[in-house]
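Asker: when you get a sec, could you give me coordinates for this:
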Amino acid sequence: MEYDKSDKMITDSIDSMACKVVKCLMEHKEKISFAESCTGGMISQSLTAVSGASEVYELGACTYSNEMKNRLLGVKSETLEKFGAVSEETAVEMALGIKAFSGSDIAVSVTGIAGPTGGTKEKPVGTVWVAVAYKENVEAKNLMLYNRGEGLDRQKIRLLTTCEAFRMVLCALYGQSRIEG
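Answerer: Below is the predicted model of the structure:
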């Protein structure tokens, strides 16, 4: 698949942030794990493309089905029934579940609708939740990529989600609400 210019800019940003994440985790001697749904392993792949990632990468799980979210990550059936797979509640339980299962210091989960099908009026294509569990805190964010005002395809939604997941990890690791550069 060919990337357009904006995809190239996003992938360059992902590569840069993945390097920063690996470096920071190595400095702190901490480990990271991912529970991915709509990104299908893209976050794990991006991190493991960095030399030295084996020192900080603990586990990556692609849990597309509700059954695997429940069985592997411990997302409650009640949560999935009441809020759905694409929700803040599910994203938080996914992050906490992969963190507990792996024993990693920081855990990231993503769940969303990358399209082009699967969206509804309540949850359109581009609805993506990212959650980061670090120390005693969990932060979850709805990326609302459908509000970007551009024709986002499946690949771009996955790239933007990966980029935001790394940004949120860096913010957590540096104890900031925003990372510059």
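
Asker: flag every buried residue along the helix or strand encompassing Glu67.
Answerer: Glu67 is part of helix 66-71, with elements assigned from DSSP states H and E. The neighbour-count check on helix 66-71 (16 or more other C-beta atoms under 10 Å) flags 66, 69-70 as buried. C-beta coordinates here come from the backbone N, C-alpha and C atoms, glycine included.

Asker: now stretch 19-37
Answerer: 19-22, 24-25, 30-37.

Asker: what's the lowest-mean-pLDDT helix or strand in the chain packed up against?
Answerer: One helix or strand of the chain scores below all others by mean pLDDT, DSSP states H and E: helix 5-28, with a mean of 92. On a contact count with 3 or more C-beta pairs under 8 Å, 6 or more residues apart in numbering; DSSP states H and E, helix 5-28 meets helix 42-48, helix 154-174.

Asker: okay if I get these as JSON lines plus mean neighbour count and mean pLDDT?
Answerer: Shown next, in JSON lines, are the helices and strands packed on helix 5-28 (neighbours: other C-beta atoms under 10 Å; pLDDT from 0 to 100):
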{"stretch": "helix 42-48", "mean neighbour count": "22", "mean pLDDT": "98"}
{"stretch": "helix 154-174", "mean neighbour count": "21", "mean pLDDT": "95"}
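
Asker: export the ones you listed as a markdown table, with columns for distance to Leu143.
Answerer: Shown next, in a markdown table, are the helices and strands packed on helix 5-28 (distance: least, C-beta to C-beta, whole Å):
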| stretch | distance to Leu143 |
| --- | --- |
| helix 42-48 | 13 |
| helix 154-174 | 6 |
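
Asker: low pLDDT regions in the protein?
Answerer: The model of the chain has pLDDT under 70 over residues 1-5, 149-151, 176-181.
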